[in-house]
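A.B. asks: sequence first, then the predicted structure:
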Amino acid sequence: MHNTLTCRQAVRLMLEDEDHEIAPEDRVALQVHVRICFACARFVGQLNFMRRTARAWRKHCES
Amino acid sequence: MSDFALQVETLRPQLLRFARTQLRNEAWAEDAVSESVLAALERPGAFAGQSQLKSWLIGILKHKLVDQLRRHTREATLLVGEDGEDLDDALFLPDGHWREAPRDWGDPDAACCRSEFFDVLQACCDHLPPVQARVFMMREWLELDSGEICGQLTITPGNLWVLLHRARLRLRECLQARWFDGLAEG
């Protein structure tokens, strides 16, 4: 049952996905989870923001 | 001093700042910058002028930073366990639910590109345990892929993943405490 991730497992997968591609079935399970869990959806947004800012910070220091 | 050498020298402080952020060690940063400047001055012809001088120098510097990291990270393998605390346990209940849901960051991008925000980000990176900071910067600043980072530091992909996982959780917490909580309080 892949669509019954706990939040802890979901966060683990999200962080793993920052580093390397996760398995397609994990991605599906994650998408299902994030759709029904506002806390994890928020966490996704925070990770995305952190990725963008890291890039912006580097550009800021390079320019 | 030639015009070219003068221009390169003028950029030295900026290169040093970049190197410090990455290495967090004054002596290594100085070494990396000196080697870069030397390499640039030895081959002025390599700078074709199609890009900005600073971008070209930063390109050279990135290689020298990786050299420094490789030279000084024999200890990396030993330090993978430097951070004994289980961050996941702090965030989640035993049944896997959040102890406390992540707080709303509102429209974070509104603030993101202000230099005060970058100062906070820098401070948060400085507070990471050293090897976590190092791998995070290698990934985000030097844009190395996992294979390269593991090769340079002689750590396994599993080690790297644990380090990056912890680094990102810590940064998120730090940004919450040092930036977003402050915004919420106005």
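C.D. replies: Looks like it arrived, so ask away.
A.B. asks: so the residue in chain B that chain A sits nearest to, which state does it fall into?
C.D. replies: Of all residues in chain B, the one sitting closest to chain A is residue B:96 (2.6 Å; C-beta to the nearest C-beta). Quick note: C-beta positions are derived from backbone N, CA and C, even for glycine. Assigned with DSSP: H, G, I helix; E, B strand; the rest coil, residue B:96 falls in the coil class.
A.B. asks: which residues touch it?
C.D. replies: The contact partners of residue B:96, by C-beta atoms under 8 Å, 6 or more residues apart in numbering or on different chains, come to A:6-9.
A.B. asks: residue A:19: how many residues sit nearby?
C.D. replies: 19 (other C-beta atoms under 10 Å in any protein chain shown).
A.B. asks: hmm, residue B:162 and it touching each other?
C.D. replies: No. Taking C-beta atoms under 8 Å as the definition, residue A:19 is not a contact partner of residue B:162, at 10.2 Å.
A.B. asks: can you report how many residues neighbour the residue in chain A that chain B sits nearest to?
C.D. replies: Closest residue of chain A to chain B, C-beta to the nearest C-beta: residue A:6 (2.6 Å). Neighbour count for residue A:6, taken as other C-beta under 10 Å: 17.
A.B. asks: that one is in contact with residue B:98, isn't it?
C.D. replies: No. Between residue A:6 and residue B:98 there is no contact under C-beta under 8 Å: 9.7 Å.
A.B. asks: joint contacts of the two?
C.D. replies: Counting by C-beta under 8 Å, 6+ apart, the residues touching both residue A:6 and residue B:98 are residue B:92.
A.B. asks: so where is chain A shaky, pLDDT-wise?
C.D. replies: Across chain A, the ranges flagged by pLDDT under 70 are A:1-3.
A.B. asks: so what's residue A:46 up against?
C.D. replies: Neighbour list for residue A:46: B:102, B:105, B:108, B:172 [criterion: C-beta under 8 Å, 6+ apart].
A.B. asks: do that again at 10 Å, thanks
C.D. replies: Shown in contact with residue A:46 (C-beta atoms under 10 Å, 6 or more residues apart in numbering or on different chains): A:14, B:102-105, B:108, B:168, B:171-172, B:175-176, B:180.
A.B. asks: can you tell me how far it sits from residue A:22?
C.D. replies: Using C-beta to C-beta, to the nearest Å, we find residue A:46 at a distance of 18 Å from residue A:22.
A.B. asks: grab the nearest non-local neighbour of the residue most central in space within chain B.
C.D. replies: Centroid check for chain B by C-alpha atoms, centre = their mean gives residue B:137 as the closest residue, at 2.4 Å. Counting by C-beta to C-beta, 6 or more residues apart in numbering or on different chains, residue B:137 lies nearest to residue B:22, which is 5.1 Å off, once chain neighbours are set aside.
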